[in-house]
Structure formats: C-alpha cells, structure tokens
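Asks: The following comprises the amino acid sequence and a computationally predicted model.
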Protein chains: 2
Amino acid sequence: MNQVAVAPRAIDFYFDFVSPFGYFASLRIEDLAVRHGRTVNWHSMLIGVSVIKVMGMKPLLEIPLKGIYIRRDALRYARRRSVPLRRSLDEPTVDPLPAGRAYHWLKQHHPTKAVDFARNVFAAHWEHNKDISDITVLSDAALDAGIEDIELGHIIASDSAKQLLRSAVEMSLERGVFGSPFFLVDDEPFFGVEKMELLDEWLGTGGW
Amino acid sequence: MNQVAVAPRAIDFYFDFVSPFGYFASLRIEDLAVRHGRTVNWHSMLIGVSVIKVMGMKPLLEIPLKGIYIRRDALRYARRRSVPLRRSLDEPTVDPLPAGRAYHWLKQHHPTKAVDFARNVFAAHWEHNKDISDITVLSDAALDAGIEDIELGHIIASDSAKQLLRSAVEMSLERGVFGSPFFLVDDEPFFGVEKMELLDEWLGTGGW
C-alpha cells in the first residue's frame, strides 16, 4: 500500500488589526512557520468581542495598572526588535470592523493576496500611523497587495462581509481564542507574542 | 578620590502564594539573579486585591476562555520543566492572608530565614497539595526553615502582621505591580513567569 503524505496542519494565527502585539506577531509568524515546514492561516478577530463582551473585562489599555504596563511593554518590544512603531498607544483605538470585514472578504475572493493585504493594514496603522477605519487607507492596502478593480467601500458595507467577520469571530471564540495574538498549533493554544518562543519550541520538540 | 562601590539593587520579586505561576517563578529567580550578581527581595502580595479590587477583574481562573487557557498553560509549564505540581488548579483557591501575614512578619523578625519559609509554603501548597491557610501547615514551614519558638497563630492574628501585609500590598500597587509573578529590576517591570527570559536578557544587556 502506498502511504499518503499528509501535509501538516497550518498554524492558526489570530489577531486584531488594532492590537500592537498582533502587529508584532504578524512580522514573525511566517518565518517561524517556514522553519517547521508549516503554513499559516491568518484570522482577523475582534478583541473587543472576546475581552469586553465574553470575558467581561475593560479594554486592556484602560485597565488600571495593567494598561500602563502594556504600553511600556509594547514600546520595549519595539525598541528591542527594532520594529517601526509610529502610532502612539495613547491614541484612541480606531474601529477595527472595516479592516476585519475587508480581510475576511478578501480571504474568500482573493485568497492568495489577502495576507499581503493584512500585512499592509498592519503597516499602515502601526508603522505609518494611518487610520485603518478609513476606506481610502484600506483601498490602498488592497491595491498594494495587487488587488484591483474592487470597491472596498461597498464590500465592507455588504451583508456578506459582515457575516464573514461575524462567523470568524464566533469560530475564534469556539476555539478558545481570547486575545491578540493567539496561535493554535494542532489545537494547542499559545497566547501573546511573548509565547512565540514557546510555540517555536513546541513545534521543534513535538510538545510536552 | 576613592570610588565607592555601590552594590546593584536587588531584584524585587512579587508573588502570591496561591498563584501557580508565582510558585514556578520562585523556583528560578534566585539562580537567575545570581548569574547577574544580584540579590532578590521577595515580596508576597495579594492578587485578590490588585486584580479584583483595583483592576475590576474576576479571579483569573474564573474568566471565561482565559481561565481554561491559564489552567492548560500552567500544566504545560510544569510538564515542560518537570516542576512537581500535585495541587489541581480546579481546587478552590485557599485564603492567602495567613501565609502573607506570616511571611511579612518573619521577613522583619527572621530576615535570613523568611525566604526559606516562603519556599516551604510554596512547596507545601503546590508540591504537596496542603492547605496553606492552616496554621499547622504554616508552622511546619517555619520550623523547616529553622525558625523555632514562635507562635504563628498569634503572629498571624496580630495587628502588627496584618499591618505589615497591608503596607506591602499598598506599596506593591504604588509600584504598579498587578499580578504574580511580577519583577522590578531597577524599576523596569516584568510580568509573568514567561517574561523571565526577557528579564534575564535585560540584566545581561543593560536593557533597550
């Protein structure tokens, strides 16, 4: 009998575009996956739903003590790894829905280019301090990913895109995802950019 | 002029005896500090005050999604590092006040033995699954640390011990400490046992 080679499962990478730590993780996850012969399935989700509605917490940056720490930790991470970060964490969080809807629609309709779109959105927001709730900014991110002839404004307002994001968020919650970044490797969960070393070790050793 | 050698500041190590991650950190922090020519100042604090009263959160293990993850993460940590962990995280949290009061009283009156007491309390709870709100268990922890001829029951009930713990918790909050374990290195904060590698790197490089 012939053995059928089964490709290893993709690493599920969950992020919210408005999460700085999601941005940091987006810069490293593909390299990490490649080293272990894995691919990455990028899922945009909404921390606002998991943290605030499901977990009953305040937005992380507004939690006393923790908010101050998180700001400092993010800046420290960026300095240490020379990550360009031009958006201040003191600025108000923008609405992540348009970017999330656009991403999930593109993932269905332009699957080979959607990850580049996601990267461009992260860069627009965190590297260039642009407002990613602005359709123009999102349209540029799509164009720069080689996606032409779409009307992103219409797409984001469509029931189809809304439903795609809603389903994605629901599925993330069903899988226990509660923050950004969050990774699932063969169902093993890893929360936080600082867990990427552990994830790396898990993939290298087969886990503990 | 002679230069006066100034000893580097101690690493401030904050923990709650009922925190499994505080226990994990307690097993590693002294070795880490010694490698960098530092000492460690052990501070027991109360997550119940920081997390619940100040931050307005539920007890971590009771937060939807996050509680499940934390349990899994703690067990994974213990397996990976072969840490003896015989207490189930599903058991109810015991009252950390008696151990905290005893620790701070001993830190004042038996400063050279208080850290051994703290280690014994951690071991009693997490390695041997004992109830550390029980005076007998705490008395054994003191005896095993070489502290004799004290009445721990009276000490824990004393205004002096209560005030010492209260002050310690207040000071921890003033310094921005909100979880267990939490480290301050020359005022630089590190939260979580998984940040110990970063703390190590910080001490080695002088920070970023």
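Replies: Everything's here; your move.

Asks: Would you mind stating the distance between residue A:98 and residue A:149?
Replies: Look at residue A:98 and residue A:149: by CB to CB, to the nearest Å, they are 19 Å apart. C-beta coordinates here come from the backbone N, C-alpha and C atoms, glycine included.

Asks: In terms of neighbours, single out the busier of the two.
Replies: residue A:98 (24 against 4; other CB atoms under 10 Å in any protein chain shown).

Asks: How about the residues of chain A by chain B?
Replies: Counting by CB under 8 Å from any CB of the partner chain, chain A comes close to chain B at A:50, A:54-58, A:63-66, A:68-69, A:72-73, A:76, A:79-80, A:173, A:176-179, A:189, A:191-192, A:194-195, A:197-198, A:208.

Asks: Of those residues, grab the buried ones for ChimeraX.
Replies: Per 16 or more other CB atoms under 10 Å in any protein chain shown, the buried members of these correspond to this ChimeraX selection:
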select /A:50,55,57,58,63,64,65,66,69,73,76,173,176,177,178,179,189,191,192,194,195,198
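
Asks: Filter the residues of chain A next to chain B down to just the ones in strands.
Replies: Counting by DSSP state E, the part of these found in strands is A:189, A:191.

Asks: among the helices and strands of chain A, which has the poorest mean pLDDT?
Replies: Least confident helix or strand of chain A, by mean pLDDT, DSSP states H and E, is helix A:47 with a mean of 92.

Asks: what is the mean pLDDT for stretch A:141-153?
Replies: Averaged across stretch A:141-153, pLDDT comes to 96.

Asks: could you dump it to CSV, C-alpha only?
Replies: Taking C-alpha atoms only, stretch A:141-153 is exported to CSV below (Å, rounded to 0.1, in the frame of the first residue of the first chain):
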residue,chain,number,x,y,z
ALA,A,141,-3.7,48.4,1.3
ALA,A,142,-5.6,46.3,-1.2
LEU,A,143,-4.0,48.0,-4.2
ASP,A,144,-0.5,47.5,-2.7
ALA,A,145,-1.4,43.8,-2.4
GLY,A,146,-2.1,43.7,-6.1
ILE,A,147,-5.9,43.6,-5.7
GLU,A,148,-7.5,45.8,-8.3
ASP,A,149,-11.0,46.5,-9.5
ILE,A,150,-12.8,46.2,-6.3
GLU,A,151,-15.0,48.7,-4.4
LEU,A,152,-13.9,48.2,-0.9
GLY,A,153,-16.5,50.6,0.5
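
Asks: How about it, which residues are buried there?
Replies: Within stretch A:141-153, the residues that count as buried by 16+ other CB under 10 Å are A:141-142, A:144-145, A:147, A:150, A:152.

Asks: low-confidence ranges in chain A?
Replies: Across chain A, the stretches falling below the confidence threshold (pLDDT under 70) are A:1-4.

Asks: need the helices for it, in chain order.
Replies: A:20-26, A:29-35, A:47, A:66-80, A:97-109, A:114-122, A:135-144, A:152-157, A:159-174, A:196-205 (DSSP state H).

Asks: Please identify which of those is closest to residue B:5.
Replies: helix A:66-80 (29.1 Å; CB to CB).

Asks: starting at the chain centroid, how far to the closest one?
Replies: Here helix A:66-80 shows a centroid-to-chain-centroid distance of 18 Å under the convention CA atoms, centre = their mean, to the nearest Å.

Asks: Determine the set of other helices and strands touching that helix.
Replies: helix A:20-26, strand B:188-191 (3 or more CB pairs under 8 Å, 6 or more residues apart in numbering or on different chains; DSSP states H and E).

Asks: what's the last one packed up against?
Replies: The reference is to strand B:188-191. Looks like strand B:188-191 contacts helix A:66-80, strand B:182-185, helix B:196-205 (3+ CB pairs under 8 Å, 6+ apart).

Asks: Present the ones you listed as JSON lines; the columns should include distance to residue A:169.
Replies: Output for the helices and strands packed on strand B:188-191, formatted as JSON lines (distance: least, CB to CB, whole Å):
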{"stretch": "helix A:66-80", "distance to residue A:169": "22"}
{"stretch": "strand B:182-185", "distance to residue A:169": "32"}
{"stretch": "helix B:196-205", "distance to residue A:169": "31"}
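
Asks: and of the ones you listed, who's closest to residue B:164?
Replies: Closest among the helices and strands packed on strand B:188-191, using CB to CB: strand B:182-185, at 19.0 Å.

Asks: neighbouring strands for the closest one, and are they parallel or not?
Replies: strand B:11-15 (antiparallel), strand B:188-191 (antiparallel) (DSSP bridges).

Asks: Out of those, which one sits most buried?
Replies: Neighbour counts (mean count of other CB atoms under 10 Å in any protein chain shown) averaged over each of those peak at strand B:11-15, with a mean of 25.

Asks: between that strand and helix B:159-174, how many degrees?
Replies: 110 degrees (axes from the mean of the first three to the mean of the last three CA atoms, to 10 degrees).

Asks: and stretch A:108-121, which residues are buried?
Replies: In terms of neighbour count (16+ other CB under 10 Å), stretch A:108-121 has its buried residues at A:110, A:113-121.

Asks: one step back: including distance to residue B:20, could the helices and strands packed on helix A:66-80 go into a markdown table?
Replies: Output for the helices and strands packed on helix A:66-80, formatted as a markdown table (distance: least, CB to CB, whole Å):
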| stretch | distance to residue B:20 |
| --- | --- |
| helix A:20-26 | 23 |
| strand B:188-191 | 15 |
